[in-house]
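Chemist: Following is a predicted model, sequence given first.
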Amino acid sequence: MTQLPYSVIRLKPKADARKIRHGAPWVFDNELVLDRRTKAISKGEIVLLEDADRAPLGLVGFNAESRISGRMLERNVNVPVDVAWFKAKLSKALEMRERLYSEPFYRLVHAEADGLPGVVIDRFGDTVVLQPNAAWAEMKLDALCEALLGLGGITTILKNAAGRARGLEGLDDVSAVLAGVAPSGPVPVKMNGATYMADLTGGQKTGIFFDQRDNQAFAAQLSQGADVLDVFSHVGGFGLAALAGGATSALAVDGSAPALELATEGAKASGVSERFETRVSDAFDALVALAEEGRTFDVVICDPPAFAPSKKALDAGLRAYERIARLASVLVKDGGYLGLCSCSHAADLSKFRAASSRGIGRAGRTSQLIHTGFAGPDHPLMPQLAESGYLKALFYRL
């Protein structure tokens with residue numbers, strides 16, 4: 001029998017190999033035999049995963065330093081993970097996005113759900129922003145970039161190394177231009193009739209949040225002739241979409257002055273500057289201040305960062321979501337609409353909905369839940385990985 005050119009890692013006897021066979025993409029450190037030999041395997045090396053009886057389960061990216069020690073890459077252990085392998089994965093991802101979107105602005109690769117664990121790629125025309133958030137992807141970065149270049153007209157690859165995920169993998173936070181030339185300024189992105197300005201090199205994450213596109217479109221439907229408050233607005237996400245949908249006015253609140261400067265540029269590019277206002281402030285402070293000022297709005301949207309990024313942070317995160325709902329509710333006119341969002345995978349839909357509804361009730365308001373939204377189809381959900389369906393958006397009529 002020919003020796004496979006891979007180091008071998010093995011599940012413990014009591015580990016559940018069936019979940020791996022049925023599609024689960026992660027193998028945790030406490031499920032593996034981590035002896036001295038295994039721990040000596042290079043971080044990010046692609047290895048053969050076997051069950052306790054030494055039957056092969058697939059090829060995984062391995063990192064003994066990470067809680068997620070193994071990330072499933074390929075079930076067929078005879079397929080090399082090379083440039084051709086990456087091209088096949090990327091072409092499959094691209095084909096779906098090109099069916100969904102008429103313009104090349106979308107999430108091209110959504111990590112495990114697109115068969116590239118820990119890899120996020122957002123596309124901005126001929127430029128992509130790549131987040132290799134797993135050690136195996138960092139190890140295979142040259143092959144990944146070679147496969148990306150030229151795909152669908154891509155000429156520029158920017159590496160974004162910021163974020164919590166890379167830290168958990170023991171990776172550095174050094175961003176870089178991997179191919180082509182970085183844009184000299186913000187890139188205009190048209191969505192839902194509005195123009196957003198995305199800073200691909202100095203902005204948050206990859207520069208814009210494509211995942212909220214469909215939820216912003218729904219909010220815009222509610223906003224015709226409305227005064228709108230967009231809290232945690234980043235570069236104007238919900239506010240600019242609302243104005244494009246016919247809102248009378250929009251106030252965008254965010255703690256980042258640079259993000260609001262981009263939002264202002266977006267409002268100008270969208271031709272809605274005269275109806276757009278910004279306020280640099282902590283969101284909780286702003287909600288309290290607006291109530292003290294006697295301000296009310298027809299539509300209020302709150303899209304905070306992940307308050308519960310892990311199970312340990314869940315209780316505190318749910319309290320924060322409840323507080324946001326309570327403070328925002330008092331600013332909504334009778335018969336108006338409240339949109340509440342969560343990107344915390346640790347807070348599932350039922351927990352987030354309970355916290356939000358509790359906060360609305362504590363504000364003395366009654367509500368109808370009229371719509372539940374999720375990330376757009378360029379952020380597909382992997383059924384075996386709940387974390388891939390992180391985004392929830394609840395819309396209430398108060």
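Modeler: It's in.

Chemist: For residue 94, the count of nearby residues, please.
Modeler: Neighbour count of residue 94, defined by other C-beta atoms under 10 Å: 20. All C-beta spots, glycine's among them, are computed from the backbone N, C-alpha and C.

Chemist: you'd agree it is in a strand?
Modeler: No. Looking at residue 94 with DSSP: H, G, I helix; E, B strand; the rest coil, it is helix, so not inside a strand.

Chemist: so what's it up against?
Modeler: 108, 151-152 (C-beta atoms under 8 Å, 6 or more residues apart in numbering).

Chemist: repeat that with 10 Å
Modeler: 104, 106, 108-109, 114, 123, 148, 151-152, 154 (C-beta atoms under 10 Å, 6 or more residues apart in numbering).

Chemist: which other helices and strands contact the longest strand seen in the chain?
Modeler: In the chain, assigned by DSSP state E, the strand with the most residues is strand 332-342. Packing contacts for strand 332-342, counted by 3 or more C-beta pairs under 10 Å, 6 or more residues apart in numbering; DSSP states H and E, involve helix 213-222, strand 227-231, helix 237-244, strand 297-302, helix 314-329, helix 349-362, strand 368-373, strand 392-397.

Chemist: highest average neighbour count across these?
Modeler: Comparing the helices and strands packed on strand 332-342 by mean neighbour count (mean count of other C-beta atoms under 10 Å), helix 237-244 ranks first with a mean of 31.

Chemist: Export only the CA atoms of it, formatted as PDB.
Modeler: Extracted in PDB, the C-alpha atoms of helix 237-244 (Å, rounded to 0.1, in the frame of the first residue of the first chain):
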ATOM      1  CA  GLY A 237     -25.700  51.100   5.900                       C
ATOM      2  CA  PHE A 238     -29.400  51.400   6.800                       C
ATOM      3  CA  GLY A 239     -29.600  55.200   6.700                       C
ATOM      4  CA  LEU A 240     -28.400  55.500   3.100                       C
ATOM      5  CA  ALA A 241     -30.600  52.700   1.900                       C
ATOM      6  CA  ALA A 242     -33.600  54.300   3.600                       C
ATOM      7  CA  LEU A 243     -33.000  57.600   1.900                       C
ATOM      8  CA  ALA A 244     -32.700  55.900  -1.400                       C
END
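
Chemist: Would you pull up how far it lies from the middle of the chain?
Modeler: How far helix 237-244 lies from its chain's middle: 20 Å, per C-alpha atoms, centre = their mean, to the nearest Å.

Chemist: between that helix and helix 213-222, how big is the angle?
Modeler: Using axes from the mean of the first three to the mean of the last three C-alpha atoms, to 10 degrees, the direction of helix 237-244 lies 40 degrees away from that of helix 213-222.

Chemist: Check which element follows helix 237-244 along the chain.
Modeler: Proceeding N to C from helix 237-244, the next assigned helix or strand is strand 249-254, under DSSP states H and E.

Chemist: Quick check: mean pLDDT of that following strand?
Modeler: Mean pLDDT, computed over strand 249-254, is 98.

Chemist: got the buried residues for the next helix or strand after that strand?
Modeler: Downstream of strand 249-254, the first helix or strand assigned by DSSP H and E is helix 257-270. Neighbour counts using 16 or more other C-beta atoms under 10 Å place 259-267, 269-270 of helix 257-270 among the buried residues.

Chemist: Output those in CSV, with pLDDT and distance to residue 128 appended to each entry.
Modeler: Below are the buried residues of helix 257-270 laid out as CSV (pLDDT from 0 to 100; distance: C-beta to C-beta, whole Å):
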residue, pLDDT, distance to residue 128
259, 96, 21
260, 97, 26
261, 97, 24
262, 97, 20
263, 98, 23
264, 98, 26
265, 98, 22
266, 98, 21
267, 98, 26
269, 98, 22
270, 98, 24
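
Chemist: What is the nearest of these to residue 179?
Modeler: residue 262 (24.8 Å; C-beta to C-beta).

Chemist: Does that closest one touch residue 208 like I think?
Modeler: Yes. Residue 262 is in contact with residue 208 according to C-beta atoms under 10 Å; the separation is 9.3 Å.
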